[in-house]
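Q: pasted the sequence and its predicted model underneath.
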Amino acid sequence: MRKELSTPIPVPTSSKVDKPLSSLTRKRFYKTVGTNPNPAGGHDILLDGRTVRTPGRERLSAPGPALAAAVAREWDAQGEHIAPETMPLTTLLNTAIDRIAPARDAVISALLEYGNSDLVCYRAEAPEDLVLRQHRAWQPLLDDLAGQEGVALKTTTGILPVDQPAEALAGLRTVLERLSLLDLTAVQALTATLGSLVIALALHRGRLDPAEAFLASQIDELYQEEKWGADHEALERRKALEADVAAAADFLRLAAADQAGPERRTGS
């Protein structure tokens, strides 16, 4: 049985994080959208030539042009009314600036609670086909984390929780502390959506693609649906979660493109 998590982390869904403007629907108030290099660093998002502000009243500025252009496209794609739920990259950038940057240590500590009680460490005792599915999907991720980062997490079956070794949690902290602000933002978003820091880090390292990561997080749910069927609400929830994973992965890709430099940049 997984231990209850007491410390929430920011979740990149429209109902749980800062909206690009407001939680209320607003009419589009601007005509033109653009970006502009900021002399202080980064690329500002402009509406009618004016820099957009985050909900915390900071400049909405991406570190590089690829992410800035993608965020600008979200604003430009809005119709008569602004729909924040259609702007996941803007939401993640707001989250990075307003919520992750000033509370980085707290976010890392909250993520470590997921690592201490990670989905992939808690295995079914039966039936045999579910046990095999979990092992095939999850054990290679734990092996990779141990091989690449020296973080060896324990697994368990049944109802008793497992306490992870202090050195493993210290290793996870080191991994998280190495992440850039944007990467940490995406990893926390993925962890909250997937329910697993291990799966989120596997996606970040390129060990899994977004679709593979999402399926790895849904093994138990999909198994139950095969046995008992799925209702409309469950399918809609899964679709929304999968979209969140894809958006966070896109955020990672764009951030990586900006960090790579103009010779390798794509997506701008």
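A: Yes, it's here. Numbers count the residues shown, from 1 in each chain.
Q: use CA for all of it now, contacts and neighbours both
A: Will do.
Q: can you map out the helices along this structure?
A: With DSSP state H, the ranges of helices along the chain come out as 65-76, 88-95, 104-116, 128-149, 166-177, 181-194, 197-204, 210-217, 219-228, 232-260.
Q: same list (those) but as JSON lines, adding mean pLDDT.
A: Converted to JSON lines, the helices of the chain look like this (pLDDT from 0 to 100):
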{"stretch": "helix 65-76", "mean pLDDT": "98"}
{"stretch": "helix 88-95", "mean pLDDT": "96"}
{"stretch": "helix 104-116", "mean pLDDT": "93"}
{"stretch": "helix 128-149", "mean pLDDT": "97"}
{"stretch": "helix 166-177", "mean pLDDT": "97"}
{"stretch": "helix 181-194", "mean pLDDT": "96"}
{"stretch": "helix 197-204", "mean pLDDT": "98"}
{"stretch": "helix 210-217", "mean pLDDT": "98"}
{"stretch": "helix 219-228", "mean pLDDT": "92"}
{"stretch": "helix 232-260", "mean pLDDT": "94"}
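Q: quick one: which of these is nearest residue 56?
A: Across the helices of the chain, residue 56 has its closest neighbour in helix 88-95 (8.4 Å, C-alpha to C-alpha).
Q: chain center to that closest one, what's the gap?
A: With C-alpha atoms, centre = their mean, to the nearest Å as the basis, helix 88-95 stands 11 Å off its chain's centre.
Q: ok, now stretch 154-161?
A: 26 Å.
Q: report the buried residues of that stretch.
A: 154-156, 161 (16 or more other C-alpha atoms under 10 Å).
Q: kindly state the pLDDT recorded for residue 7?
A: At residue 7, the model reports a pLDDT of 40.
Q: hmm, back to that, could I get the helices of the chain in TSV, plus columns for mean neighbour count and distance to residue 53?
A: Below are the helices of the chain laid out as TSV (neighbours: other C-alpha atoms under 10 Å; distance: least, C-alpha to C-alpha, whole Å):
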stretch	mean neighbour count	distance to residue 53
helix 65-76	23	13
helix 88-95	26	9
helix 104-116	19	21
helix 128-149	15	38
helix 166-177	17	27
helix 181-194	25	18
helix 197-204	25	28
helix 210-217	20	30
helix 219-228	12	39
helix 232-260	18	19
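Q: between the buried residues of stretch 154-161, which is closest to residue 224?
A: Looking across these and measuring by C-alpha to C-alpha, the closest to residue 224 is residue 156, at 20.5 Å.
Q: that closest one is in contact with residue 120, isn't it?
A: No: applying C-alpha atoms under 8 Å, one finds residue 156 not in contact with residue 120, separated by 9.5 Å.
Q: now residue 212: how far from residue 200?
A: Distance of residue 212 to residue 200, computed by C-alpha to C-alpha, to the nearest Å: 11 Å.
Q: ok, residue 108 next?
A: According to C-alpha to C-alpha, residue 108 and residue 200 sit 13 Å apart.
Q: ok, now residue 182?
A: Using C-alpha to C-alpha, residue 182 is found at 14 Å from residue 200.
Q: so who does the closest residue to residue 168 other than its chain neighbours touch?
A: Closest residue to residue 168 apart from its sequence neighbours, by C-alpha to C-alpha, 6 or more residues apart in numbering: residue 151 at 4.9 Å. For residue 151, the contact set (C-alpha atoms under 8 Å, 6 or more residues apart in numbering) comprises 145, 167-169, 171-172.
Q: shouldn't residue 37 be in contact with residue 43?
A: Yes: counting by C-alpha under 8 Å, residue 37 does reach residue 43; the two are 4.3 Å apart.
Q: need the nearest residue in space to residue 162, chain neighbours excluded.
A: residue 156 (6.4 Å).
Q: if you could redo that for residue 255, that was the one I meant.
A: residue 67 (6.3 Å).
Q: same question for residue 78.
A: residue 28 (7.3 Å).
Q: so that neighbour touches residue 79, yeah?
A: Yes: the criterion here is C-alpha under 8 Å, and residue 28 meets it with residue 79 at 6.9 Å.
Q: and residue 154, what does it touch?
A: With C-alpha under 8 Å, 6+ apart, residue 154 has these contacts: 121, 162-165.
Q: before we move on, back to that, next up, the contacts around the residue nearest to residue 162.
A: Taking C-alpha under 8 Å, 6+ apart, one finds 121-123, 162 in contact with residue 156.
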